[in-house]
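>>> using only what follows, build the 3D model:
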Amino acid sequence: MKNQLIQLYLLVCQIYDSQSCLKYQRASNFKPRFTDQELMTVYLFGHLNGLFQKKAIYRFTRHYWVEWFPDLPSYQAFNRRLNLLEQAFHSIAALLLDTLADGQSAEFDHLVDSMPVMLASGSFSRRARVARDVANRGYCAAKWLHFHGVRLHFIASRRVGRLPLPKNIWLREASVHDLTSVKERQIYLPNSTLFGDKAFCDTALKLEFKQQNTLLLTPKKKPRGKELSSFEKHHNRLISRIRQPIESLFKWLIDKTQIQRASLVRSTDGLLIHCFGKLTFALLLLVLYC
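Residues are numbered from 1 along each chain as shown. Just a heads-up that it's a prediction; the model follows:
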């Protein structure tokens, strides 16, 4: 465990040294004794030990690793400073995505889908007011559930028999439809095949990808008052089977980070750290072990 902590700290420091935007993100010359590198290391190390809430991570560090972090501040200062590091986590996550993409061919098959991050669900979603500048009320068709929060949108490279590797990740309000989000993002995937669910059955989007020599494949929608043909049913089963790995990626992400549960978040900064901090940890695992 000590070796893991040392390796994690050295990796965070190496990334900081290679990214000028991280080294100069502070607007003043004030240099806290407990550095941002230590703060991010503590957060990521807590996740590595199965702790998903900031208070649990802080208590774990205070009880067992205070000799390694003698300048660990109070929990209030720890939480306040962590909430200011959204841009740092965002930059590191982008660097890790680039690292994952280095070994991938641009002509891989790709999968597209989204997963909800819920600040409140069910009837509580109507009264939720947290992070209203980036979150709102939407509907998760997979769970048949209204929720207040955001959606994390993924485009991932498909790998046979293994978890897909994320290629593009972005965040939108819960009310934004998957099709709208992808159209506004203007995804560039030349010479590829993209598999999506029924939300992406859109002629204009298919034509847009066709200009990139990319084929967008989606299930056939059932015509009103009619039944699908046997060929169309077989087509839908095949698309569903090909798309299943991205659901496995979401389950893996939830198991490793508990990213879908954000009911303890109380601010916009807290929500952004919840999303990008946990994504950074998950991408780090993929870089190191997948």
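>>> which residues of the stretch 101-250 of the chain score low on pLDDT?
Within the stretch 101-250 of the chain, the set of residues satisfying pLDDT under 70 comprises 103-107.
>>> please repeat the previous calculation with a cut-off of 90.
Across the stretch 101-250 of the chain, the ranges flagged by pLDDT under 90 are 101-108, 123, 141-143, 159-162, 186, 188-189, 221-229.
>>> ranges for the helices of it?
Assigned by DSSP state H, counting those that start in this stretch, the stretch 101-250 of the chain shows helices spanning 178-185, 203-210, 230-257.
>>> could I get the contacting residues of Ile259?
Counting by CB atoms under 8 Å, 6 or more residues apart in numbering, Ile259 makes contact with 117, 152, 253, 274-275, 278-279, 282. For glycine as for every other residue, the C-beta is placed from the backbone atoms N, C-alpha and C.
>>> in stretch 70-84, what's buried?
Across stretch 70-84, burial judged by 16 or more other CB atoms under 10 Å covers 72-73, 78-79, 82-83.
>>> that older thread, in strands, which of the contacts of Ile259 appear?
Among these, DSSP state E puts 117, 152 in strands.
>>> what would the contacts of Ile259 look like in TSV with neighbour count and distance to Met1?
Formatted as TSV, these follow (neighbours: other CB atoms under 10 Å; distance: CB to CB, whole Å):
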residue	neighbour count	distance to Met1
Val117	22	29
Leu152	23	30
Leu253	24	23
His274	26	25
Cys275	25	27
Lys278	26	21
Leu279	23	24
Ala282	22	20
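>>> using CSV, lay out the contacts of Ile259 together with distance to Asn236.
Compiled in CSV, these are given as follows (distance: CB to CB, whole Å):
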residue, distance to Asn236
Val117, 28
Leu152, 25
Leu253, 26
His274, 35
Cys275, 32
Lys278, 33
Leu279, 31
Ala282, 30
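>>> from the contacts of Ile259, which is closest to Glu232?
Leu152 (30.7 Å; CB to CB).
>>> about what we covered before: going by distance to Asp197, which of the buried residues of stretch 70-84 wins?
Taking CB to CB as the measure, Asp197 lies nearest Asn83 of the buried residues of stretch 70-84, at 34.1 Å.
>>> the nearest residue to the closest one once chain neighbours are set aside: which element?
Spatial nearest neighbour of Asn83, chain neighbours left out: Asp269 (3.9 Å); criterion: CB to CB, 6 or more residues apart in numbering. Here Asp269, judged by DSSP states H and E, is contained in helix 268-289.
>>> which elements pack onto that helix?
Judged by 3 or more CB pairs under 8 Å, 6 or more residues apart in numbering; DSSP states H and E, the packing partners of helix 268-289 are helix 36-48, helix 86-102, strand 109-121, strand 145-157, strand 165-173, helix 230-257.
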